[in-house]
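> sequence and predicted structure below; questions after.
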Amino acid sequence: MPRGFAALKKTAPGLLAAAAAVALSFLLHLLVPAVPVLTAAVILGLVAANLPGAAAATTGPLKPGLALAARRFLRIGIVLLGLKVSLVDIAGLGFGALGLVVLLVLTAFAGTYAICRMFRLPGDEPLLIAAGFSICGVSAIGAVAAARRSRSGDTVVPIALVTLCGTLAIAALPVAGALLRLDPVVFGTWAGASVHDVGQVVATAQTAGTAALAAAVVVKLARVVLLAPMTAAVGLQARRADRASGSGAGPRPPLVPLFVLGFLALILVRTFGLLPAPALEVASVLQELLFAAALFGLGAGVRVRALFASGIRAVAAALASWALVAGLGLGVAVAITG
């Protein structure tokens with residue numbers, strides 16, 4: 001049997017299960033629009049991992065395909081994320097606003113990391129949660145985990161938490177914006193500065209109209225661009241740690257993972273207008289499909305019992321970090337639009 005066919009036969013059951021979960025996630029979103037597709041995918045994965053019968057399948061015949069979806073599909077989705085970013089649009093913010101966005105990301109990263117360490121979260125969870133909350137959610141977690149060479153198990157809780165808090169923002173920020181009587185542009189800038197994933201930013205900001213949505217997307221994409229330098233910084237730190245521990249003789253962690261370079265390349269493609277609008281729309285849909293399959297695969301690797309030890313601390317740390325990022329984001333929004 002050819003090697004490629006054997007690999008396909010091994011991964012096909014898990015990939016088919018992921019495809020079915022993606023279809024069901026979109027259906028749930030259509031029936032209950034308040035539930036984002038990616039949130040539904042994570043929940044379905046968690047259910048599959050912890051139901052008798054289904055749990056045995058996720059650790060048996062479905063495991064190779066689900067592992068492939070969780071790793072490979074997430075990285076391809078990050079590459080496609082570059083097609084959402086135009087450097088021309090971001091430059092339109094001006095140097096002052098861009099400086100504030102950079103300061104926001106650095107402060108949010110440091111503050112979230114400190115909170116997670118204070119709650120004694122294990123392994124690389126503090127670093128990954130800080131990356132996800134400060135930059136661009138699931139995409140940042142995947143990129144930083146690759147540069148850091150984190151265990152796949154370390155990514156599950158951060159991804160679940162960033163998805164949870166981003167979903168809460170879709171409901172909470174419009175209510176807070178109405179209570180504070182924020183101007184639509186201020187509200188949109190706030191959403192772009194504080195909500196995690198791009199899709200969650202769009203869902204949050206569009207409640208205040210087109211002006212809010214336009215402001216939110218530009219500010220959010222300015223944060224997304226920082227994914228590359230942040231990943232490079234993590235990769236450099238990982239190399240230094242290897243040298244300090246004397247383990248630098250083996251393969252060195254990548255300074256910037258290959259898929260992050262792909263992300264940067266597609267930013268340039270979008271900036272120079274090398275693809276027509278229909279192709280960009282197809283890429284956007286494909287990115288969401290890939291992310292949904294990846295999150296289902298990641299969720300299917302979570303055993304609830306294994307999370308009990310740090311689960312409550314992790315949720316508390318995430319909520320505290322969410323409040324911090326939202327507060328910082330509001331301050332930046334007022335400063336940019338004032």
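Sure thing, it's come through.
> alpha carbons only for contacts and neighbour counts from here, please
OK.
> got the contact list for the residue nearest to residue 44 when sequence neighbours are not counted?
Using Cα to Cα, 6 or more residues apart in numbering and skipping the chain neighbours, the partner closest in space to residue 44 is residue 296 (6.5 Å). Applying Cα atoms under 8 Å, 6 or more residues apart in numbering to residue 296 gives the contacts 18, 21-22, 41-46, 66, 70.
> hang on, residue 208 packs against residue 186?
No: applying Cα atoms under 8 Å as the test, residue 208 and residue 186 come out as separate, 10.1 Å apart.
> which of those two has more neighbours?
Taking other Cα atoms under 10 Å, residue 208 and residue 186 do not tie; residue 186 has more neighbours (24 against 18).
> that older thread, which of the contacts of residue 296 fall in helices?
18, 21-22, 41-46, 66 (DSSP state H).
> state the pair within these that is farthest apart.
Spatial extent of the ones in helices among the contacts of residue 296 (Cα to Cα) is set by the pair 43 and 66 at 14.8 Å.
> what about these two, which has more around it?
Under the criterion of other Cα under 10 Å, the comparison of residue 43 against residue 66 puts residue 66 first, with 32 against 18.
> rewinding a little: in CSV, list the contacts of residue 296 along with pLDDT.
Below are the contacts of residue 296 laid out as CSV (pLDDT from 0 to 100):
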residue, pLDDT
18, 96
21, 96
22, 97
41, 91
42, 85
43, 87
44, 93
45, 91
46, 84
66, 93
70, 88
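> in stretch 197-210, what's buried?
For stretch 197-210, a neighbour-count test (16 or more other Cα atoms under 10 Å) marks 197-208 as buried.
> starting at the chain centroid, how far to stretch 114-126?
How far stretch 114-126 lies from its chain's middle: 18 Å, per Cα atoms, centre = their mean, to the nearest Å.
> swap that for stretch 157-176, sorry
How far stretch 157-176 lies from its chain's middle: 12 Å, per Cα atoms, centre = their mean.
> now do the same contact list for residue 300.
Applying Cα under 8 Å, 6+ apart to residue 300 gives the contacts 44-49, 58, 66.
> wait, residue 131
Contact partners of residue 131, counting by Cα under 8 Å, 6+ apart, are 109, 137, 140-141, 144.
> how about stretch 56-71, which residues are buried there?
Using 16+ other Cα under 10 Å as the test for burial, stretch 56-71 gives 57-58, 62-71.
> closest to residue 277 out of the residues you listed?
Checking the buried residues of stretch 56-71 against residue 277 with Cα to Cα, the nearest one is residue 69 at 27.4 Å.
> you'd agree the closest one is up against residue 289?
No: contact criterion Cα under 8 Å: residue 69 and residue 289 do not qualify, at 10.8 Å.
> on that earlier part again, mind picking the two most distant members of the contacts of residue 300?
Put simply, by Cα to Cα the two of the contacts of residue 300 set farthest apart are 47 and 66, 14.3 Å from each other.
> now the lowest-mean-pLDDT helix or strand in the chain: buried residues?
Scoring the helices and strands of the chain by mean pLDDT, DSSP states H and E places helix 227-245 at the bottom, with a mean of 84. Within helix 227-245, the residues that count as buried by 16+ other Cα under 10 Å are 227-228, 230-239, 242.
> including distance to residue 10, could those residues go into CSV?
Formatted as CSV, the buried residues of helix 227-245 follow (distance: Cα to Cα, whole Å):
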residue, distance to residue 10
227, 34
228, 34
230, 36
231, 32
232, 34
233, 37
234, 34
235, 32
236, 36
237, 37
238, 33
239, 35
242, 35
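> ok, residues contacting the helix or strand containing residue 218?
Assigning secondary structure by DSSP states H and E places residue 218 in helix 210-225. Residues outside helix 210-225 that contact it (Cα under 8 Å, 6+ apart) are 84-85, 89-90, 93, 98, 101-102, 105, 135-136, 184-193, 198, 201-202, 205-206.
> run the chain-centre distance for it.
When C-alpha coordinates are averaged (Cα atoms, centre = their mean), helix 210-225 and its chain have centres 16 Å apart.
> in the stretch 151-300 of the chain, which spans are helices?
Counting by DSSP state H, counting those that start in this stretch, the segments of the stretch 151-300 of the chain that form helices are 152-180, 184-194, 198-205, 210-225, 227-245, 258-271, 277-299.
> worst mean pLDDT among the ones you listed?
Ranked by mean pLDDT, the helices of the stretch 151-300 of the chain bottom out at helix 227-245, with a mean of 84.
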